[in-house]
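1. build the 3D model from these lines:
(one chain, ligands or ions: 2)
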Amino acid sequence: MKINLANIKKAKKLLIKNECVAIPTETVYGLAGNAYSNKACKKIFKLKKRPKNNPLIVHYFNLESLKKDCDINNDFLKLYRIFCPGPITFILDLKKSSKISKIVTNGKKTLAVRFPKHFIAKKLLKVLNFPLAAPSANLSSKVSAVSSSDVKEDFGKKIKYVLDGGKSFIGLESTIVDLRNKPKILRLGGLEISTIQKVLKKKVILNNQVSKISSPGQFKLHYSPGIPVRLNIKKLKSREAYLLIKKKRENKPNYFFLSKKGDLKEAAKNLYSTLRKIKKKNYKSIAVGKIPYKGLGKTINDRLIRASKFK
Ligand code: TXA
Ligand code: MG
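-> Ligands and ions are numbered 1, 2, ... in the order given. Predicted coordinates for the structure are as follows:
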C-alpha cells in the first residue's frame, strides 16, 4: 500500500478542526483526535462510549515532541532506542507545563505514550503540530479493529473519516509498561516481555491481573465479540464455532484456524478479524482450543480470557 498524500491532507484538515479520524497503526486501528484539544478528546470518549475514567494513549512522532509533555528517564530511553517506533506504550509523568487535555488523563498526573510504526500514522503525525490521542477504534469493551472495514462496522457514518492503511500487521494492542519506578507491565501486548527484560537487563514485574485494576484495559469484560467465549475446549456445544491455533486435517464449516502451522505471530494478526467473522456468521458461542502460553500466545490467552467474561 502506497501513501496517498491527498488522504493525509484530508485527515489533517479534519484533525485541525477538532474532528476525530480513524487511523491505521501496526497494532490496531486508533480513533484519533488532537490530544491538546478538550473538544476533540471529548468526542473520542463519546464516540467510543468509553467511561471517562479510562485514560487515552497519546501518539507522538518522535522524542522531541514527547519531551514537551513528559519527563523521561533512562529505562525509557533504553527501550525507546530499541523498540520505537513499535508496539510498546510507556506510562510516564506528565510535565506541569504540558498542554495535554485534562480529558485525556481524567486529571491523572501520568500519561500513556506511544510511537506508532505504521508508515501512514507516522506520515500523519509528522505533518501535525500536535500529538494524537487515540484509543483503539472500537466500541468500548468490544473487539479492536484491525482494518478500515472493522472501524466502519462499529461506527458507521459517525466517524468523519477512516484513513485506510490495510490490515494491521501485528493485530494485538501495544504492550503497556509503567516506567515511573520499577518497570511494570500493565497490559500484555504485541511486544513480548522477555525482549523488554533483555534490554532493561532487569526483572520486569507483570501487573496485569484483573483483580488489580490500575490500567482499565484490565476492566473485566473486554475484547468481547458479543457472544460467549469458552476456553480450552475439546468438545463443542451445538451451533458453536471452534477457534483453533493451528489448521486441523479435519475441517468443518464451524472450524476457524488462526494460523496454518500454529505460528503465534500469524495467529495474533488473525485473532480479532476471526472473532468478528465468527460473530457475523451467527454462531451462538465460540469454543477455543488450547493456545500455548508462550511468546505472543500469552497475549492471545490474555485477550481471550477477558473476552470469556461475557454473560
Ligand atoms: O496498540 C495500542 O495501544 C492501540 C493503538 C491504537 O495505539 N491503542 C489502544 O488504546 O489499545 P486503548 O485506549 O484501547 O487502550 C489503552 C490502555 C487502556 O487500557 C488504558 O486504561 C491504559 O491504556 N492507560 C491509558 N493511560 C494510562 C495511564 N496514565 N496509566 C495507566 N494506564 C493507562
Ligand atoms: Mg481498547
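2. setting aside sequence neighbours, what's the nearest residue to A134?
-> For A134, the nearest residue in space outside its immediate sequence neighbours is G30; the separation is 3.1 Å by C-beta to C-beta, 6 or more residues apart in numbering. Placement of C-beta: from N, CA and C, glycine included.
3. over to A40?
-> The spatially closest residue to A40, leaving aside those adjacent along the chain, is G33, at 3.4 Å (C-beta to C-beta, 6+ apart).
4. show me what secondary structure element comes after the strand or helix carrying the one you found.
-> Assessed by DSSP states H and E, G33 sits inside strand 30-34. Scanning the chain past strand 30-34 towards its C-terminal end, the next helix or strand to appear is helix 38-48 (assignment: DSSP H and E).
5. how far does the lowest-mean-pLDDT helix or strand in the chain sit from its chain's centre?
-> One helix or strand of the chain scores below all others by mean pLDDT, DSSP states H and E: strand 205-206, with a mean of 92. On the basis of C-alpha atoms, centre = their mean, to the nearest Å, strand 205-206 sits 19 Å off its chain's mean C-alpha point.
6. what's that strand packed up against?
-> In terms of contacts (3 or more C-beta pairs under 8 Å, 6 or more residues apart in numbering; DSSP states H and E), strand 205-206 is packed against strand 184-187.
7. pLDDT below threshold where in the stretch 101-250 of the chain?
-> For the stretch 101-250 of the chain, the stretches flagged by pLDDT under 70 are 209-220.
8. repeat that with 90
-> Applying pLDDT under 90 to the predicted model, the residue ranges of the stretch 101-250 of the chain that meet it are 140-141, 207-222, 247-250.
9. so V113 bridges to which residues?
-> Each beta-bridge partner of V113 is listed here: V58, F90, as defined by DSSP bridges.
10. now it: how far from A35?
-> V113 sits 10 Å away from A35, taking C-beta to C-beta, to the nearest Å as the criterion.
11. anything in contact with each of the two?
-> Common neighbours of V113 and A35, using C-beta atoms under 8 Å, 6 or more residues apart in numbering, are V58.
12. and the helix or strand harbouring Y242, which strands flank it?
-> Secondary-structure assignment from DSSP H and E places Y242 in strand 240-244. Strand 240-244 pairs in its sheet with strand 255-257 (parallel), strand 285-288 (parallel), by DSSP bridges.
13. pick the most deeply packed of these.
-> Among the strands paired with strand 240-244, judged by mean count of other C-beta atoms under 10 Å, the one packed with the most neighbours on average is strand 285-288 (a mean of 22).
14. state the mean pLDDT of the helix or strand just after that one.
-> Note on strand 285-288: by DSSP H and E, the next helix or strand toward the C-terminus is helix 296-307. Here the mean pLDDT over helix 296-307 is 95, rounded to a whole number.
15. mean confidence for the longest helix seen in the chain?
-> Longest helix of the chain, by residue count under DSSP state H: helix 264-280. Helix 264-280 comes out with an average pLDDT of 97.
16. show me the strands in the protein, by range?
-> Remark: strands assigned in the chain by DSSP state E are 21-23, 30-34, 57-59, 88-93, 110-114, 132-133, 161-162, 175-178, 184-187, 205-206, 229-230, 240-244, 255-257, 285-288.
17. got a list of contacts for the third one?
-> By that I understand strand 57-59. The list of residues contacting strand 57-59 from outside it, by C-beta under 8 Å, 6+ apart, reads 25, 30, 32, 35, 69, 89, 100, 104, 111-116, 121, 125, 131-135, 174.
18. hmm, 7 Å instead?
-> Applying C-beta atoms under 7 Å, 6 or more residues apart in numbering, the set of residues contacting strand 57-59 from outside is 30, 35, 89, 100, 104, 111-114, 116, 121, 125, 131-135.
19. is ligand 1 within reach of it?
-> Yes: judged by C-beta under 6 Å from any ligand atom, strand 57-59 comes into contact with ligand 1 at I57.
20. so how far is that strand from its chain's centroid?
-> Distance, stretch centre to chain centre, for strand 57-59: 11 Å (C-alpha atoms, centre = their mean).
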